[in-house]
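Enquirer: Let's see this in three dimensions:
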Amino acid sequence: MRKIGKIFSNILVVVLVIAVGVLAVPRLFGVKMFSVLSGSMVPTYQVGDLLYAVPTPQADIQVGDAISFVINENLTVVTHRVVEIDAQNGYFYTQGDANNIRDGAPVSYKNVVGVVKFSIPKIGYLFMALNIPFWRNIMLAALAVLLLATIVASAIKPKPKPKKTTQPYRAKTAGGETLAREEKNETLHKRYN
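Expert: Numbers count the residues shown, from 1 in each chain. Take a look at the predicted model:
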């Protein structure tokens, strides 16, 4: 039972370390995370990928960079590639990699969240699920069950194993003598040879 507890414990630690590494640590450095919801950036980013956008000064953003930006009052974020820069008016013109034409409206410098520096395939689905209360509660319940199983499995004590004797094997001869294993072998060897 302790082995099962150890397995549950290891699984729990791995899940928590991955979750912290993927979701929490980047936030400490100001990195914003977004899930890809459409195919407009295929083949670079697939639906369900998790994107990490790093805040970047406008002067450092270049044509060819994939930027995440806010498009409306609902704070909807889109990630597209910069195809032209209008530095005089403070705008980026963008286009999705899978789109044939550039986006209809330019992106104001102030709406840029960051430049996408890296992505993790398919982890965006988990990120999206964590933003839905029902699925977040399911995942938290699963972690709680895993934690409880670990505690219970660790608390159950295994049956004690019989102790092995460290004393040498002893046997009695027909004459009532007690002999150690080595002595017994020598005595029997002498008697029958």
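Enquirer: Let me see the domain layout of this structure.
Expert: Using automatic domain parsing, the domain ranges for the chain come out as 2-146, 168-193.
Enquirer: winner for burial among those?
Expert: domain 2-146 (a mean of 15; mean count of other CB atoms under 10 Å). (C-beta placed from N, C-alpha, C; glycine too.)
Enquirer: any chance of the domains of the chain in a markdown table, plus distance to Lys161 and mean pLDDT?
Expert: Shown next, in a markdown table, are the domains of the chain (distance: least, CB to CB, whole Å; pLDDT from 0 to 100):
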| stretch | distance to Lys161 | mean pLDDT |
| --- | --- | --- |
| domain 2-146 | 13 | 91 |
| domain 168-193 | 20 | 54 |
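Enquirer: Can I get these in CSV including distance to Ala153?
Expert: As requested, the domains of the chain are exported to CSV (distance: least, CB to CB, whole Å):
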stretch, distance to Ala153
domain 2-146, 3
domain 168-193, 38
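Enquirer: Which one, of the ones you listed, ends up nearest to Val152?
Expert: When those are compared by CB to CB, domain 2-146 sits nearest Val152, at 7.5 Å.
Enquirer: dump the residue contacts of the closest residue to Glu84 other than its chain neighbours.
Expert: Setting aside the residues directly before and after it, Glu84 is nearest to Tyr93 in space (CB to CB, 6 or more residues apart in numbering), at 4.0 Å. Taking CB atoms under 8 Å, 6 or more residues apart in numbering, we find Tyr93 in contact with 82-86, 102-103, 106-107.
Enquirer: what separates the longest helix along the chain from the chain centre, distance-wise?
Expert: If you go by DSSP state H, the chain has its longest helix at helix 133-155. Between the centre of helix 133-155 and the centre of its host chain there is 16 Å, according to CA atoms, centre = their mean, to the nearest Å.
Enquirer: try stretch 121-140
Expert: 13 Å.
Enquirer: Residues touching that stretch, excluding its own?
Expert: Against stretch 121-140 from outside (CB under 8 Å, 6+ apart): 22-23, 33-37, 46-51.
Enquirer: mind running it again at 10 Å?
Expert: 15, 18-19, 22-23, 33-37, 45-51, 120 (CB atoms under 10 Å, 6 or more residues apart in numbering).
Enquirer: Filter those down to the ones in helices?
Expert: Using DSSP H, the contacts of stretch 121-140 in helices are 15, 18-19.
Enquirer: List just the nearest of those residues to Ile156.
Expert: The shortest approach to Ile156 among those belongs to Val15, at 22.5 Å (CB to CB).
Enquirer: Just to check, the closest one is in contact with Leu143?
Expert: Yes: using CB atoms under 10 Å, Val15 is in contact with Leu143, at 7.0 Å.
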